[in-house]
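1. Below are the sequence and a predicted model for it; my questions follow.
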Amino acid sequence: MSNAAMEQLNLLLPEWLETSRLHTGQGKVASYIPELFKASQDELGIHIMNAEGNHVSAGDCGIPFTMQSISKVFTLILALMDHGEEAVFFNVGKEPTGDDYDSMIKLELVEPGIPFNPLINAGAITVSSLIGGDCKEEKSRRILEFFRKLANNDRLDYNEAVYQSESETGHLNRSLGYFLKHNGVLKDDVEDVLAVYFRHCSIEVTCADLARMALVLAYDGTDPITGNELIPRRYVQIAKTFMTTCGMYNASGEFAIQVGLPAKSGVSGGILTLVPGQFGIGLVGPALNRKGNSIAGVHLLERLSKEFDWSLF
Ligand code: DON
């Protein structure tokens, strides 16, 4: 998209955002991780960045929030970079589940008892165990370093309060971890694997950080602003496919129809999405719809996609 079109977006985006913000009242802020419940129901912010580093932003785009499940896209990529496709997909499948993201039902019912895909919790916990490193601290250090490179932001860090909050209350993830250990999928100490998983979910970003990370995916693994090649193209292709088929939980099909872009959401209300070869987009709106996605965020992305004909399909 040309810079002229960016200007058009600049004019229209604030008004569109305010229209979408009206939907926040119909959503719910996540409370199962108690610390997340402190977010404001009516917040909504977006940052859209192009390859020249120009950006358009609107609303509450400066507020920090934790990546939660959005981080799963990038830990998958790091595990692929560490071990390759064969090793990763020996332990995690490639199919959507149709179940909730924290469900363990298919682990028990479907042989060989490996998680269906890397974006559900069981899959992402498994991926955490595949990150290269001798101990949990080393694995977490490598993840944070990788995320900092992708966001081109050395100040990215954990939100300790969110980490502690999830670590203290993540009983369902603990059961998933122990079930995976029982099934022989996890080789390491379960508590160590969970610590790596909870840590990467608690990495704090702004919409601009997500937009920059998304921009790297939009340009097949190269940061178009610095020219740095950060991810092999094949692994970006795999990540974008999972984002399209499983990135918006059980609403991924509907999102593909309504928006038509690869995307990943998280329970803090963040959404990372991209227009291939054009934009990286970061968004936050903590009020979630019944499927667990930012209610106003999805509304805004539907509008943007329709007005600018962004759907890939
Ligand atoms: O494991 C959890 O429940 C959170 N740390 C992340 C959940 C989330 O964002 C939705 N998962 N797909």
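-> Sure, I can see it. Numbering: from 1, shown residues only.
2. ok, now how distant is the closest residue to residue 24 other than its chain neighbours from the ligand?
-> Nearest in space to residue 24, with sequence neighbours left out and distances taken as CB to CB, 6 or more residues apart in numbering, is residue 287 at 4.3 Å. Every residue, glycine included, has its C-beta placed from N, CA and C. Distance, residue 287 to the ligand, by CB to the nearest ligand atom, to the nearest Å: 15 Å.
3. so where's the longest helix in this structure?
-> Identified as the longest helix of the chain according to DSSP state H is helix 3-21.
4. which bits of the stretch 101-250 of the chain sit near the ligand?
-> 101-102, 121, 166, 173, 201 (CB under 6 Å from any ligand atom).
5. and the two most separated of those residues?
-> 101 and 166 (14.1 Å; CB to CB).
6. Neighbour count: these two, which is higher?
-> residue 166 (25 against 19; other CB atoms under 10 Å).
7. Okay, buried residues for the helix or strand hosting the more buried one please.
-> Per DSSP states H and E, residue 166 falls inside helix 160-169. Judged by neighbour count (16 or more other CB atoms under 10 Å), helix 160-169 contains these buried residues: 162-163, 165-167.
8. go on, stretch 147-155?
-> 147-153.
9. quick one: average pLDDT of it?
-> For stretch 147-155, mean pLDDT rounds to 98.
10. Residue 300 is in contact with residue 283, isn't it?
-> Yes - shown here, residue 300 and residue 283 form a contact pair, counting by CB atoms under 8 Å, at 7.0 Å.
11. Common neighbours of these two, please.
-> Taking CB atoms under 8 Å, 6 or more residues apart in numbering as the criterion, residue 300 and residue 283 both touch 44, 46.
12. neighbour count winner among those two?
-> residue 283 (32 against 27).
13. Confirm that the more buried one sits in a helix.
-> No - counting by DSSP: H, G, I helix; E, B strand; the rest coil, residue 283 is not part of a helix but strand.
14. remind me which residues of the protein are low pLDDT?
-> 1-2 (pLDDT under 70).
15. again, only using 80
-> 1-5 (pLDDT under 80).
16. could you pull out the helices for this structure?
-> So, for the chain - with DSSP H - the helices run 3-21, 71-83, 85-91, 105-109, 121-130, 136-151, 160-169, 171-182, 190-201, 207-218, 233-246, 252-258, 295-308.
17. do you know which of those lies nearest residue 276?
-> Nearest to residue 276, of all the helices of the chain, is helix 207-218, at 5.5 Å by CB to CB.
18. rewinding a little: for the residue nearest to residue 24, grab the count of nearby residues.
-> Counted with other CB under 10 Å, residue 287 comes out at 24.
19. Right, I'll call it a day here.
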